[in-house]
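**Q** requesting a structural model of the entry that follows:
(one chain, ligands or ions: 4)
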Amino acid sequence: MKRQLAHRSGRRDDGSLLAARVQEIRSVDTDDSRGSKLCRFCIALCGIKVTTDGTTITSVKGDPEHPGSRGYTCAKGRSLGRWHHHPNRIREPRRRRGSEWTNLSWSEATKDIASIMERNIATHGPDSVGVYSGTAASLDGAGKWAAEQLAKSLGSRSKYSAISIDNPCKPLVSLLVSGHPGLVPVVDDRHCTFTMFIGCNPVVSHGHLNGLPDPVVRLREFATAPRELWVIDTRVTESSRLATRSLQPRPGTDFAILAFLIRELLDGGGCDETYLSQHVNADDLRLLRELLEEWTADQTSNITGCAIGDLVELVAAVRRHGRVAVQTGTGSTMTAAANLTEWLVWVLHIVTGSYDVPGGMWFHPGFLRQVHLDIKHNTVLPAASPGPRSRPEITVWGDEYPCSAMVDEIEAGNLRVLVVFGGNPLSAFPDAQRTERAFEKLEALIVLDVIDNEMTDCATHVLPTRGQLERADTPYYYDQFNLDFSTQYTPAVVSPVGESQSMWWIAARIAEEMGSSMLPATLTTSSTDKDVLRFLSQRSAVPFDEIVEKRYVSGSPTFGWVRTSVLPNGRWRLAPQEFVRQLGKWRELVPPNGLLVTSRRQLRHLNSQHPPMTQEDADAAIALIHPDVATARGIADGDEVIVSAPSGSLQLRAKLSSDVHPDSVSLTHGWREANVSVLTSASGVDELTGMVVQTAIPVDVRRR
Ligand SMILES: Nc1nc2c(c(=O)[nH]1)N[C@H]1C(S)=C(S)[C@@H](COP(=O)(O)OP(=O)(O)OC[C@H]3O[C@@H](n4cnc5c(=O)[nH]c(N)nc54)[C@H](O)[C@@H]3O)O[C@H]1N2
Ligand SMILES: Nc1nc2c(c(=O)[nH]1)N[C@H]1C(S)=C(S)[C@@H](COP(=O)(O)OP(=O)(O)OC[C@H]3O[C@@H](n4cnc5c(=O)[nH]c(N)nc54)[C@H](O)[C@@H]3O)O[C@H]1N2
Ligand code: SF4
Ligand SMILES: [Mo]
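**A** Residues are numbered from 1 along each chain as shown. Ligands and ions are numbered 1, 2, ... in the order given. Next up is the predicted model:
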């Protein structure tokens, strides 16, 4: 609270800009019964109106008064009621011995888990017990925090999260270019006139680290002249159809487009010379010029397959607008060249003077966490540490290990007990079959989930966890991805199903049974969800009680704090040696000739989470194949096909579509029976992040 007061009165240098903004806070709806609730399936964080008859959810609708989502919801949000009443809801804690399941009380379950953990820690050390936090943990305000606190209280370094199989290039580029790993660039949607998405399809996904509720309307706004929206995607997508212009490169080659674009801006004009003189070292700029020398229109066109005329028009568009707002998605972060693309995206913003400046992108410090309060000028070059014992060659920049190392750790006997918080490694991790075999070797696999799935089938302990509508919540980690400077609070709507408990409570009970506490002195396992959220909101830009009362609080974006408070001497590190070295090896990072699997999300499910839908509403696991590829292989529309890579193969139905790149077959993520993760591999991961290549993967496709 002290820190917050200091911040609000503007006494801290790095907080003064934000302090001014707190005056603008506005509110919505203060009536608890009518007030908006919050959908937490995805980053869009839509406001919803939920009706119940006391215990049954009778309807879920978009809240037209909600400032972020303006009444919008998608099919997943509207099916939250069916999700809540899912026939496979987990109701009691249970334990498996062999194939026998026994229901346990919470006291029996937590005692049993604590004794297994104690035994392993005593014999094999604290790292033998690990935690994995998945997507649903980071969308549970106190969930991911609890996973981290549990690992800390055990003294374990075996911490894993979905970040390392989603976008580890983002914190790495932030770290090496700015000195801080947690900078999140957000589109200045009110002022930017040139927006571009690379390997990101917000109409389906609602954005990647920039939440875009109501995406069709927003993308149309971005594309309304004189504004321009460009999309770079290997497929003609729901988003690229709304764009002013789109490019369809060969999968895995996006970095080349950026290399060419930046080279042209440096050589032929279009850079912001004043910004460059203030925020970049001349030596870095010289080095960059040399590095990009080879990225001529010819070479770029050869590598990407894009027409030279289109590439030149992209340069002209950037010159026309001056400032840019570019956002990458998993179609870029999951490629082998992810670091290069992300780095060059940052370089593009820097050379055009678009970072931390109106009309470009601002840096969201997070409303609740306010990461800027920790930031000091970091003049020391960041250093990596080795990966876990079985994968020391993988570099680790933060305080968690990459998911790609987990199976080796289990096979080596280093990781023996794993707690999974709201995630599904069997769907998300590489080498799906090997992962499953490794999980069978664990002494305990403890799964905190709401619904039975493949993870609970192979767990030793299944712990019923409160779902979205059963807990009060704040977007503790996710408000940093909002387009505006805002946060929200949602109360619980219905009482918990069966014996389910909150994620934080379960973790705290296990720690308690082991005689340690992971909770601060002000909290106990008798505290409420709201007490924990209040504790986590100590640094919030406005007091927690005000957020509870107003439900949605917001101010406006702030500019300048990164340049004045974060960058060493106010200068970006434009050319970190790690990326310079990778650029020198670009040929190894471009996928070989031949057919490549590309990734895609679908609207009606989220990763492996499939809320029950009516038959007509449901998605299906479908491979999109270009008609030319199909003809060459004798595949007809609707045929069953086998897609195979060296690590495994899967079978699914083909749909012919000239929207996909002729070199690619587009597969979806999150299907149990057609698990795309049998095609990915934990070997050959990125040398800087340990990231698995999950799009632009060489494969073969044949008719079954
Ligand atoms: N409905 C729905 N929403 C979701 C999810 C979901 O499963 N369903 N998942 C959530 C999660 S965890 C995440 S991380 C986000 C992801 O959000 P996004 O990254 O926006 O995910 P996608 O919608 O798959 O869009 C990725 C696009 O990249 C393209 N692509 C694939 N490979 C390449 C390539 O090499 N180069 C280029 N330029 N494009 C390529 C694909 O064709 C696809 O259109 O979505 C979140 N939101
Ligand atoms: N091959 C391949 N691999 C990929 C990807 C890809 O596109 N292709 N995508 C990658 C990406 S971007 C991501 S983010 C990861 C996703 O990896 P994960 O986050 O591990 O996977 P999800 O399928 O989102 O699993 C979420 C789990 O949380 C549960 N859950 C839902 N709500 C709650 C709740 O309120 N409480 C609790 N405790 N549990 C809940 C769900 O039932 C589900 O089991 O996968 C990555 N791996
Ligand atoms: S876009 Fe859909 S899933 Fe995402 S928050 Fe909104 S309603 Fe929920
Ligand atoms: Mo993700």
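**Q** hey, let's count contacts and neighbours off CA atoms from now on
**A** Noted.
**Q** what's the burial count for residue 586?
**A** 15 (other Cα atoms under 10 Å).
**Q** pLDDT score for it?
**A** Residue 586 is assigned 98 on the pLDDT scale.
**Q** residue ranges of each domain in the chain, please.
**A** 94-165+395-555, 169-369+560-586, 591-703 (automatic domain parsing).
**Q** export those domains to JSON lines and tack on distance to ligand 1?
**A** Shown next, in JSON lines, are the domains of the chain (distance: least, Cα to the nearest ligand atom, whole Å):
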{"stretch": "domain 94-165+395-555", "distance to ligand 1": "6"}
{"stretch": "domain 169-369+560-586", "distance to ligand 1": "3"}
{"stretch": "domain 591-703", "distance to ligand 1": "3"}
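**Q** for residue 71, find the nearest of those.
**A** Residue 71 sits nearest to domain 169-369+560-586 of all these, at 8.4 Å, using Cα to Cα.
**Q** and the end-to-end length of that closest one?
**A** 16 Å (Cα to Cα, to the nearest Å).
**Q** return the set of buried residues in the host helix or strand of residue 547.
**A** Using DSSP states H and E, the element containing residue 547 is helix 544-550. Buried residues in helix 544-550, counted by 16 or more other Cα atoms under 10 Å: 544, 547-550.
**Q** try stretch 316-326
**A** In stretch 316-326, counting by 16+ other Cα under 10 Å, buried: 316-319, 321-326.
**Q** and what of stretch 494-505?
**A** Within stretch 494-505, judged by 16+ other Cα under 10 Å, the buried ones are 494, 496-497, 500-505.
**Q** that one: end-to-end distance?
**A** Span of stretch 494-505 from end to end, Cα to Cα: 18 Å.
**Q** quick check: mean pLDDT across it?
**A** The average pLDDT within stretch 494-505 is 97.
**Q** and for that stretch, what's in contact with it?
**A** 52, 54-55, 90-93, 142-143, 145-147, 421, 448, 463-467, 469-471, 525, 529 (Cα atoms under 8 Å, 6 or more residues apart in numbering).
**Q** equivalent analysis for stretch 567-586, please.
**A** Contacts for stretch 567-586 (Cα under 8 Å, 6+ apart): 176-179, 278-281, 284-285, 287-288, 291, 337, 339-340, 343, 347, 350, 377-379, 563-564, 688.
**Q** out of the domains of the chain, which comes closest to residue 62?
**A** Nearest of these to residue 62, taken as Cα to Cα: domain 169-369+560-586 at 10.6 Å.
**Q** count of residues packed around the closest residue to ligand 3 within the stretch 451-600 of the chain?
**A** Relative to ligand 3, the nearest point of the stretch 451-600 of the chain is residue 468 (10.7 Å; Cα to the nearest ligand atom). Residue crowding around residue 468 was assessed by other Cα under 10 Å; the count is 26.
**Q** please enumerate the strands of the stretch 1-150 of the chain.
**A** Applying DSSP state E, counting those that start in this stretch to the stretch 1-150 of the chain gives strands spanning 26-27, 37-38, 47-52, 57-62, 94-97, 100-103, 129-133.
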